[in-house]
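Engineer: give me coordinates for this.
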Amino acid sequence: MSDETFLPPEPENKLNVVDDHRQPVRRAFIFFGGLLVMLLLGMFGLVTQLNDSNARIELLETQMKTEPTPVGSKGRGSTTFNDEPGADSDLFAPPTDVEGLIDWVGRSVVDIRCAGGGGTGFAMDLMTRSAGANSVLVTNFHVIDECWEDESAVSVLYGPSFTAETSGTIVAADEENDLALIEIGPELPWLSESETFAKRGWWTMAMGNPGDPGLEVSLDRYVTFGHIGYVLDEYWNYTSATLNRGNSGGPLVNSRGELIGINTLGSSNDESGVWNIAVDSAVLCERLVACEDE
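Structural biologist: Numbers count the residues shown, from 1 in each chain. Next up, the predicted model:
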């Protein structure tokens with residue numbers, strides 16, 4: 001609601017003054033009687049106008065309240081998915097619905113198992129190459145390097161609490177930039193890429209599946225928040241969102257849920273300090289994906 005003060009409008013109809021040639025006594029009586037009637041009518045009119053004004057104020061307040069806005073959808077194949085939440089969010093501030101953003105991004109995140117290791121991956125809006133594949137997953141090369149070397153299939157866990165499992169085929173790998181693409185049969189919700197490179201100060205969220213060796217559990221879709229501290233050569237995105245072992249290959253998104261980069265490197269020691277770095281998603285178009293210019 002704006003700071004403007006709502007006041008009842010001025011009465012639209014005023015009483016007309018006419019000459020009265022009757023006797024003075026009666027004129028006085030009529031005058032005071034008329035004055036009383038005018039006061040009563042005025043009070044009644046004022047109350048009516050105030051009530052009407054209050055009703056309009058209530059209507060305006062109702063209309064100006066923030067209500068959930070239905071989002072559009074886009075689809076590939078027979079499945080439709082919601083568009084990114086908070087399309088107009090301030091990229092330097094946290095989203096208004098953090099929980100909703102976590103849920104939305106989490107639908108695209110998977111757990112990848114390869115030989116004795118693994119990491120995180122996520123579905124991206126890319127064209128599939130192999131028959132029967134409906135989703136393309138992005139991850140780090142070091143997550144699947146053992147499977148790439150012996151051409152074995154990787155195992156992909158997806159869905160709520162990762163209760164569903166399927167095999168994945170590695171279709172492209174870039175060891176130099178630590179990136180890889182995997183295709184699977186199930187059709188998953190995907191993440192869209194940010195149209196611009198990240199800037200210092202942008203709010204960020206990292207998501208992945210780090211393991212807690214002390215408890216021998218995997219913290220599925222673990223999230224950390226931070227801001228972009230620096231962007232080096234439009235390639236390395238330095239973020240204060242903490243990256244842990246198991247976050248490798250997960251998405252780094254902005255406050256609109258748009259993909260900024262692929263979480264690749266996290267380190268923390270007394271000698272070199274704390275570094276959390278994501279490779280910019282644009283590198284995919286340079287090395288692994290035939291992207292068309294806008």
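
Engineer: ok, now how distant is the residue nearest to residue 197 when sequence neighbours are not counted from residue 199?
Structural biologist: What sits nearest to residue 197 in space, not counting adjacent residues and going by CB to CB, 6 or more residues apart in numbering, is residue 234, at 5.0 Å. (Glycine included, C-beta is placed from N, CA and C.) Residue 234 sits at a distance of 11 Å from residue 199 (criterion: CB to CB, to the nearest Å).

Engineer: do the same with residue 262
Structural biologist: Plainly put, residue 262 is 18 Å away from residue 199 if you go by CB to CB.

Engineer: who has more neighbours out of those two?
Structural biologist: Between residue 262 and residue 199, counted using other CB atoms under 10 Å, residue 262 has the larger neighbour count: 28 against 11.

Engineer: okay, residue 270: pLDDT?
Structural biologist: With respect to pLDDT, residue 270 has a value of 83.

Engineer: identify the residues contacting the helix or strand where residue 275 lies?
Structural biologist: Using DSSP states H and E, residue 275 sits in strand 273-280. The contact list for strand 273-280 (CB atoms under 8 Å, 6 or more residues apart in numbering) reads 177-179, 197-198, 206, 226, 231, 234-243, 252, 260-268.

Engineer: ends of stretch 153-168, what's the gap?
Structural biologist: In stretch 153-168, first residue to last residue: 6 Å (CA to CA, to the nearest Å).

Engineer: that one - what's its average pLDDT?
Structural biologist: The average pLDDT for stretch 153-168 rounds to 95.

Engineer: same check on stretch 237-253?
Structural biologist: Here stretch 237-253 scores 94 as its mean pLDDT.

Engineer: then stretch 102-119?
Structural biologist: Mean predicted confidence for stretch 102-119 is 94.
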